[in-house]
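Colleague: could you look at this predicted model? Sequence included:
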Amino acid sequence: MFDFFKKKNNSKEHKLCYETDLHSHILPGIDDGSPNTEKSILLIREMQKWGIRKIITTPHIAEETFENTSETIKAAWDSLKTELDKNGITQEILYSAEYRIDDGFIWLLESNQLMSLPGNYLLVENSFIQAFWNLDELLFQIQLKGFKPILAHPERYAYYHNQKKIYTTMHDAGCEFQVNLLSFSGYYGKRVKETAFWLANQGYIDFLGTDLHNLHHAQAISNFLATKEYKKLAEKINIKNDLLK
């Protein structure tokens with residue numbers, strides 16, 4: 001099973017332009033990412049081929065869909081660490097969360113129960129249907145609490161595509177942006193790809209992320225890393241991934 005990619009990609013391995021990934025769903029069995037530890041290990045092996053040395057995995061926390069807690073996330077992390085040790089695989093893995101901005105998130109923020117990334121960064125996401133009604137004020141409140149907000153995959157929110165000044169407003173107000181690698185490949189569609197490159201051209205990309213959920217994502221990322229388009233992108237952007245200590 002661990003030879004999954006050998007038959008599909010015979011080209012030389014290509015490396016990412018960073019060694020710390022801050023957005024993935026590889027913890028087993030707690031969201032829409034890896035279903036079990038076996039798949040988690042497969043995904044980790046692919047990330048290692050890309051040159052990833054530190055993985056900060058970020059399971060979803062969202063009302064009515066993925067109501068994870070620090071306890072459920074740590075339990076999944078413990079399970080994965082145990083399997084890695086059994087298989088003799090050395091990999092630094094930390095955990096935080098990808099927080100959906102909803103009423104549950106506000107409660108966690110007000111009760112000081114959020115799990116931040118290194119450096120007190122906080123990975124948050126909008127609904128794909130519409131932005132949170134008071135997002136500007138909430139991002140300000142996050143910063144007042146001492147956190148540094150990172151908006152996950154801003155290029156994927158279709159309601160911003162024709163209102164790009166919103167990106168400038170948010171970024172200028174201290175909200176940093178994490179763009180998905182797959183967005184540049186066209187995996188999510190033409191408009192998402194165009195917006196991702198627009199953000200790159202504006203200098204608004206602070207972090208890149210795999211947002212890795214499954215083996216199909218891994219194959220698509222491997223394919224993208226072999227392109228000239230990726231090489232040009234890596235030379236252009238100035239990201240902070242490896243500053244997360």
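Modeller: The structure has been received and is ready for your questions. Computed from a prediction, not measured in an experiment: that's the story for all the values here. Residues are numbered from 1 along each chain as shown.

Colleague: from here on, contacts and neighbour counts on C-alpha atoms
Modeller: Will do.

Colleague: tell me where this structure has strands.
Modeller: 20-21, 54-57, 60-61, 92-95, 98-100, 121-125, 148-152, 176-180, 207-209 (DSSP state E).

Colleague: tell me the mean pLDDT over the second one?
Modeller: Per-residue confidence for strand 54-57 averages out to 98 on the pLDDT scale.

Colleague: packing partners of it?
Modeller: strand 20-21, strand 92-95 (3 or more C-alpha pairs under 8 Å, 6 or more residues apart in numbering; DSSP states H and E).

Colleague: so which of those is the most surrounded?
Modeller: Burial of these is given as mean neighbour count (mean count of other C-alpha atoms under 10 Å); strand 20-21 ranks first at a mean of 24.

Colleague: what strands line up against that strand, and which way round?
Modeller: strand 54-57 (parallel) (DSSP bridges).

Colleague: using PDB, write out every CA atom in the partner strand.
Modeller: The C-alpha trace of strand 54-57 is given here as PDB (Å, rounded to 0.1, in the frame of the first residue of the first chain):
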ATOM      1  CA  LYS A  54       7.100  20.000  10.700                       C
ATOM      2  CA  ILE A  55       3.400  19.300  10.300                       C
ATOM      3  CA  ILE A  56       0.900  21.400  12.300                       C
ATOM      4  CA  THR A  57      -2.300  19.500  11.700                       C
END
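
Colleague: what's the burial count for the nearest residue to Q143 once chain neighbours are set aside?
Modeller: Nearest residue to Q143 in three dimensions, chain neighbours excluded: P149, at 7.1 Å (C-alpha to C-alpha, 6 or more residues apart in numbering). Applying other C-alpha atoms under 10 Å, we find 21 residues neighbouring P149.
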